[in-house]
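Asker: Structure here, sequence nowhere to be found:
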């Protein structure tokens, strides 16, 4: 039995990227790209003390993602991998996660940098980035650890549109 889960967006992400094609595939490839987040008025109080953090984690709904496949050929590789071993945007629940640099907050507007998100994307939540809370002592990066899996371009291609 499937359970329906609903979320209410807390705001909208504004970026220079009007469509998925050409949008950086990760914040690393969006380095220096600036944008804004417009927080809905009923959530402004929740921004208190957020300006003391240098980076924030954005959790958002990839509203332009349609359908999915459980095996994909990701942008950084030419071999098929299980969907959950990738960051491909076409997922059963198209939820995105990006860590961005917080520049400043003015009322309900957050100014951010290192953006890899399409303009108009609904924001579901914000969390402060606190590296010492994410206890990661030894990390394995699976198929991504192979040098041939890396690319300099970092833009999405037609496989993710």
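Answerer: Received, thanks. Keep in mind that what you see is a predicted model, and the values were worked out from it rather than measured.

Asker: Quick check: which element contains residue 123?
Answerer: strand 121-128 (DSSP states H and E).

Asker: what distance separates that strand from the middle of the whole chain?
Answerer: 9 Å (CA atoms, centre = their mean, to the nearest Å).

Asker: and it, which strands flank it?
Answerer: Counting by DSSP bridges, the strands paired with strand 121-128 are strand 11-14 (antiparallel), strand 55-61 (antiparallel).

Asker: which residues are contacting the helix or strand following the longest one?
Answerer: Under the assignment DSSP H and E, the closest C-terminal helix or strand after strand 55-61 is strand 71-72. By CB atoms under 8 Å, 6 or more residues apart in numbering, the surrounding residues in contact with strand 71-72 are 80-83, 86, 88, 90, 159. Glycine gets a C-beta too; all of them are placed from N, C-alpha and C.

Asker: Now stretch 103-121: buried residues?
Answerer: 105, 110, 112-119, 121 (16 or more other CB atoms under 10 Å).

Asker: Farthest pair within these?
Answerer: Maximum pairwise distance among the buried residues of stretch 103-121 (CB to CB): 22.2 Å, between 105 and 118.

Asker: circling back to that earlier point, of the contacts of strand 71-72, buried ones?
Answerer: 81, 83, 86, 88, 90.

Asker: what's the neighbour count on the residue lying closest to the second one once chain neighbours are set aside?
Answerer: In space, not counting the residues next to it along the chain, residue 83 is nearest to residue 70; the distance is 5.1 Å by CB to CB, 6 or more residues apart in numbering. Neighbouring residues of residue 70 were enumerated by other CB atoms under 10 Å; the total is 9.
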